[in-house]
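> need a 3D model of the following:
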Amino acid sequence: MKRIVSFVILVFLLQGCLWINERGISNKYYNDCKEYYDGAGIYHKKCDENLLDWSNESNK
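Down below sits the predicted model:
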């Protein structure tokens with residue numbers, strides 16, 4: 001009974017909201033990364049947080 005209730009809750013919470021992208025698993029279909037150069041000419045790339053990042057998992 002606990003398994004069924006847990007499964008129903010899990011399905012209800014994740015109803016197609018998770019997407020696998022090149023950076024990991026996210027709740028957004030596209031990566032929203034902002035890329036820019038600052039005044040000193042240094043390249044910056046800031047991306048939204050993922051639920052699970054592939055780069056973080058490989059470093060552990």
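> run a quick neighbour tally on the closest residue to residue 30 other than its chain neighbours.
Once its chain neighbours are removed from consideration, residue 30 has its nearest residue in residue 21; the separation is 7.3 Å (Cβ to Cβ, 6 or more residues apart in numbering). (Each C-beta comes from the backbone N, C-alpha and C, glycine too.) For residue 21, the tally of surrounding residues (other Cβ atoms under 10 Å) stands at 13.
> what do you get for residue 31?
Other residues near residue 31 number 14, with proximity taken as other Cβ under 10 Å.
> now do the one 5 residues further on
Look at residue 36: counted by other Cβ under 10 Å, it has 9 neighbours.
> quick one: residue 3 and residue 52, what's the gap?
24 Å (Cβ to Cβ, to the nearest Å).
> my bad, should have said residue 22
For residue 22, the distance to residue 52 - Cβ to Cβ - is 13 Å.
> looking at these two, which one has more neighbours?
Neighbours were counted for residue 22 and for residue 52 using other Cβ under 10 Å; residue 52 has more, 12 against 6.
> burial check on the residue lying closest to the more buried one once chain neighbours are set aside, number of neighbours?
If the residues on either side of it in the chain are set aside, residue 52 comes closest to residue 25, at 4.3 Å by Cβ to Cβ, 6+ apart. Residues near residue 25, counting by other Cβ under 10 Å, number 13.
> one more: residue 39?
By the measure other Cβ under 10 Å, the count of residues near residue 39 is 5.
> so it: helix, strand or coil?
Using DSSP: H, G, I helix; E, B strand; the rest coil, the secondary structure recorded for residue 39 is coil.
> what's the answer for residue 11, then?
Using three-state DSSP, the structure places residue 11 in helix.
> packing partners for the helix or strand residue 7 falls within?
Take DSSP states H and E as the rule and residue 7 turns out to sit in helix 2-13. Using 3 or more Cβ pairs under 8 Å, 6 or more residues apart in numbering; DSSP states H and E as the contact criterion, helix 2-13 has no neighbours among helices and strands.
> tell me the mean pLDDT for that helix?
Per-region confidence: helix 2-13 scores 80 on mean pLDDT.
> can you check stretch 33-53 too?
Per-region confidence: stretch 33-53 scores 90 on mean pLDDT.
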